[in-house]
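In: need coordinates for the below:
(one chain, ligands or ions: 1)
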Amino acid sequence: MPKTETVILRELLAREGGWVSGAALARQLGISRVAVWQRMERLRAAGFSFEAVRARGYRLTGRPATLHPPLLEALLPMRTRGFSLQVMDEVDSTNDEVARQLAAGRPAPFAVLARRQTRGKGRLGRVWHSDSPVSLYASLGFRPEVEPERMRTFTLWMGVNLCALLANFTGVEPGIKWPNDILFGDRKAGGLLTEARIDADRIRDLILGIGLNVNPPPRGWPAELANRATTLADACGQPVDLNRLAAALIGRVLLAYESFREDRHQDQFADLWARFDTLRGRTVTLLEGGRRHTGEVRGVDDEGALLLHEGRGPLRRFRAGEVTFEKPPAA
Ligand code: BTN
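Out: Predicted coordinates:
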């Protein structure tokens, strides 16, 4: 059963800024008009604004800038309605929280989002700066029961799906930097962190973590990120509706997960990778197990390995590593 506030918001959103009568809401919900009014006041306190006119009802004029669970639920795509999600004010890491909940037996799939993380994790043991309530910190939990080898393209597949979503959402084409960075230009706007637990040759618990810099952090970037990070809002030149984005992202990730599980994602993976790949044709240095390899990137193979042409000899495949762009030689 959706929450009363979710139903009210769905009605208001369906009118796209038009009027919804309090009497009709009361009838639909089986509550009094006074009870409807009380809910509206609660929504107002949570950051919504409405116009209320006696003969016409209510009209939505503003929404909260941070995650609001009933709004998020109201915005979920139709096929995803009723999807199990949780929004936390603060957590150590949404990935760790999902891992704990999977271990405790929560039925999957589900999502945990947070307004702030105290120990946000990036790839390769790095810290993910997670102090902005207008950014997105989200993790989804799955139990795919597939062989571990099948997972090789999972993060990459999710990354290009995220790029496609962001392209629709912002009208600006993002890029993916192998294996998991989402860029606008050469600046990072987001990243993915996949973690898994394997039991008897099967992936038992799978956690997909997504961090996205959505709107500019109210307290600015820490110095080390100031020249490297960007936000979706900066990329498209206007504020981004965080709840709408989060709802669309959950919808897209669930669809992408289904095609991945059913193993019918390969063709689309190749197309999307070619569309968003920022490395193809560029000379990069790949750091892998303490060794440096410099060469020109020739895309990825269908197992997600990076293809590098080091000048002589055949193309080399790399399954892991950290890529840095080679600076053009000084003039
Ligand atoms: C990276 O680019 O290094 C990956 C960053 C992934 C960050 C997200 S934020 C939500 C989820 N929880 C975490 O602790 N990390 C991921």
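
In: what helix or strand is whichever residue of the stretch 51-200 of the chain sits closest to the ligand on?
Out: Nearest residue of the stretch 51-200 of the chain to the ligand, counting by Cβ to the nearest ligand atom: residue 191, 2.0 Å away. C-betas here are computed from N, CA, C, even on glycine. Assigned by DSSP states H and E, residue 191 belongs to strand 187-199.

In: so after that strand, what's the next helix or strand?
Out: strand 202-212.

In: that next one near the ligand at all?
Out: Yes: applying Cβ under 6 Å from any ligand atom, one finds that strand 202-212 is in contact with the ligand at 209, 210, 211.

In: what residues sit buried inside that strand?
Out: Neighbour-count burial for strand 202-212, counted by 16 or more other Cβ atoms under 10 Å, picks out 203, 205, 206, 207, 208, 209, 210, 211, 212.

In: for stretch 124-135, same thing?
Out: Those would be 128, 129, 130, 132, 133, 134, 135, for stretch 124-135 by 16+ other Cβ under 10 Å.

In: so which of those residues reach the ligand?
Out: Intersecting the buried residues of stretch 124-135 with the contacts of the ligand gives residue 128 (criterion: Cβ under 6 Å from any ligand atom).

In: from the buried residues of stretch 124-135, which is closest to residue 298?
Out: For the buried residues of stretch 124-135, the residue nearest residue 298 by Cβ to Cβ is residue 128; the value is 29.9 Å.

In: in terms of pLDDT, where does that closest one sit?
Out: Residue 128 is assigned 97 on the pLDDT scale.

In: quick check: closest non-adjacent residue to it.
Out: residue 120 (3.5 Å; Cβ to Cβ, 6 or more residues apart in numbering).

In: state the pLDDT value of that neighbour.
Out: 98.

In: how near is it to residue 194?
Out: As judged by Cβ to Cβ, to the nearest Å, residue 120 and residue 194 stand 15 Å apart.

In: quick one, phi psi at the nearest residue to residue 132 once chain neighbours are set aside?
Out: Nearest residue to residue 132 in three dimensions, chain neighbours excluded: residue 217, at 3.7 Å (Cβ to Cβ, 6+ apart). For residue 217, the backbone dihedrals (degrees, to the nearest 10) come out as phi -60, psi 130.

In: residue 217 contacts residue 130, doesn't it?
Out: No: the criterion here is Cβ atoms under 8 Å, and residue 217 misses it with residue 130 at 10.0 Å.

In: residue numbers of the stretch 201-331 of the chain in contact with the ligand?
Out: Near the ligand, when you scan the stretch 201-331 of the chain using Cβ under 6 Å from any ligand atom, you find 209, 210, 211.

In: now, which of the residues you listed sits nearest residue 176?
Out: residue 210 (13.0 Å).

In: beta-bridge partners for the closest one, please?
Out: With DSSP bridges as the criterion, residue 210 is bridged to residue 138, residue 192.

In: surely it meets residue 180?
Out: No: using Cβ under 8 Å, residue 210 makes no contact with residue 180, being 9.8 Å away.

In: give the contact list for the residue most central in space within the chain.
Out: Closest to where the C-alpha atoms of the chain average out (Cα atoms, centre = their mean) is residue 210, at 4.6 Å. Residues near residue 210 by Cβ atoms under 8 Å, 6 or more residues apart in numbering: 136, 137, 138, 139, 158, 162, 190, 191, 192, 249, 253.

In: let's see 7 Å
Out: 136, 138, 162, 190, 192, 249 (Cβ atoms under 7 Å, 6 or more residues apart in numbering).

In: how about low-confidence regions in the stretch 51-200 of the chain?
Out: For the stretch 51-200 of the chain, no stretch is flagged by pLDDT under 70.

In: strands of that one, start to end?
Out: Taking DSSP state E, counting those that start in this stretch as the test, the strands found in the stretch 51-200 of the chain are 57-62, 85-88, 110-114, 136-142, 175-177, 181-184, 187-199.

In: what helices and strands are in contact with the last one?
Out: Packing contacts for strand 187-199, counted by 3 or more Cβ pairs under 7 Å, 6 or more residues apart in numbering; DSSP states H and E, involve helix 94-103, helix 154-170, strand 181-184, strand 202-212.

In: so how far is that strand off the chain centroid?
Out: Relative to its chain's centre, strand 187-199 lies at 11 Å (Cα atoms, centre = their mean, to the nearest Å).

In: grab the CA positions of that strand and hand them over as CSV.
Out: Presented in CSV, the C-alpha positions along strand 187-199 are these (Å, rounded to 0.1, in the frame of the first residue of the first chain):
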residue,chain,number,x,y,z
ARG,A,187,35.9,16.2,-14.8
LYS,A,188,34.4,13.5,-12.8
ALA,A,189,30.6,13.7,-12.0
GLY,A,190,30.1,10.2,-10.6
GLY,A,191,31.3,6.7,-10.1
LEU,A,192,30.2,3.1,-9.5
LEU,A,193,31.4,0.7,-7.0
THR,A,194,30.3,-3.0,-7.3
GLU,A,195,30.8,-5.4,-4.5
ALA,A,196,29.8,-9.1,-4.4
ARG,A,197,29.8,-12.1,-2.1
ILE,A,198,30.4,-15.4,-3.8
ASP,A,199,29.0,-18.7,-2.4
